[in-house]
Every structure is written in C-alpha cells, then in structure tokens.
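**Student:** From the sequence below, what's the structure:
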Amino acid sequence: MQSSLPALLALLLITPCVSHAIAGEPTRYLELVNRAHDTVTAVSAAPAGSGAFQPMPLPAPLRGGGDATTLSVAGEHCRHDLQFTFRDGRSVVYPQVDLCRHRGLRIQPLPRASTGGDARVATSEAAPTP
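**Tutor:** Numbering: from 1, shown residues only. The predicted model follows:
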C-alpha cells in the first residue's frame, strides 16, 4: 500500500496541468504545398469573413514548384481565410478553408490576368488535400 502512495500523489499533482492543457484553444495543423511558380514569403490567417488577418510564422520562404511546410493554427474557428504573399508582392486569398475537415492545401499558380495586387481564389479551386 505504501508503494502506491507516491504514485497517487504524483497523479494528483499532474492532473490540474493536464486539464488546463485540454481547456486551451485547439490547435490545427495545416500542410501547405506551393504549386505556384513564385516563392511564398508570408502567410496570414483570419476567421472566415472577418478580414482580421494575423501573420503566421513561416519557418522559411516556401519556394514554388512543390516546396512544402506544416503550420499550426490555434483558435476555436474551423473556417479561415488564408492569405499568401509572394516574393513579387502579389497576394492571394483562399476564403473559407475548413481546417477541421482538411489538413492540407495546395497553393495553385495565380491566373495570368493577375498582373499585380490581390487575387481571390474560389473555395473549389483551393485544392484542399485530405
């Protein structure tokens, strides 16, 4: 009986830490693949439709042609608008990306008609990966 007492005390000390971690904001992971021709230099996310984009840390520029990385997105919302900024200053917004249903996203090449400024990509074109 004495040998189980230290184990029980340790369990009681650890339990509050575990419940606190579970109560925090959920974190989702997003696997990005850059299929565009240019390098992505910045990524921002906002709850869908809010326009409140917040920069996300990008470990290194995401080179075009297939470079990939995984980012963590914390928050209660499943649907996010994702903004990608390219080396040449152009940016594109992928609206309504459901991070609860899709773990990955392929960034597609920008349309040729987009010579500067911002572009928006329809959700069906966002090419979520399962």
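
**Student:** can you map out the strands along the protein?
**Tutor:** Assigned by DSSP state E, the chain shows strands spanning 27-34, 40-47, 54-56, 67-74, 79-86, 91-98, 104-107, 118-120, 128-129.

**Student:** With just CA atoms, put the second one into PDB.
**Tutor:** This file holds the C-alpha atoms of strand 40-47, laid out as PDB (Å, rounded to 0.1, in the frame of the first residue of the first chain):
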ATOM      1  CA  VAL A  40       5.500  32.500 -50.800                       C
ATOM      2  CA  THR A  41       7.200  34.900 -48.400                       C
ATOM      3  CA  ALA A  42       4.300  35.500 -45.900                       C
ATOM      4  CA  VAL A  43       1.100  33.700 -44.700                       C
ATOM      5  CA  SER A  44      -1.700  35.300 -42.800                       C
ATOM      6  CA  ALA A  45      -5.000  33.800 -41.400                       C
ATOM      7  CA  ALA A  46      -8.300  35.200 -40.300                       C
ATOM      8  CA  PRO A  47     -11.500  33.700 -39.100                       C
END
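
**Student:** Show me what it packs onto, helices and strands only.
**Tutor:** The contact analysis (3 or more C-beta pairs under 8 Å, 6 or more residues apart in numbering; DSSP states H and E) places strand 40-47 against strand 27-34, strand 54-56, strand 79-86. Using the backbone N, CA and C atoms, a C-beta is placed for each residue, glycine as well.

**Student:** which of the ones you listed sits most buried?
**Tutor:** Most buried of the helices and strands packed on strand 40-47, by mean neighbour count (mean count of other C-beta atoms under 10 Å): strand 79-86, with a mean of 21.

**Student:** residues in contact with it?
**Tutor:** Contacts to strand 79-86, defined as C-beta atoms under 8 Å, 6 or more residues apart in numbering, come from residues 30, 36, 38-51, 53, 73, 91-99, 105, 107, 110.
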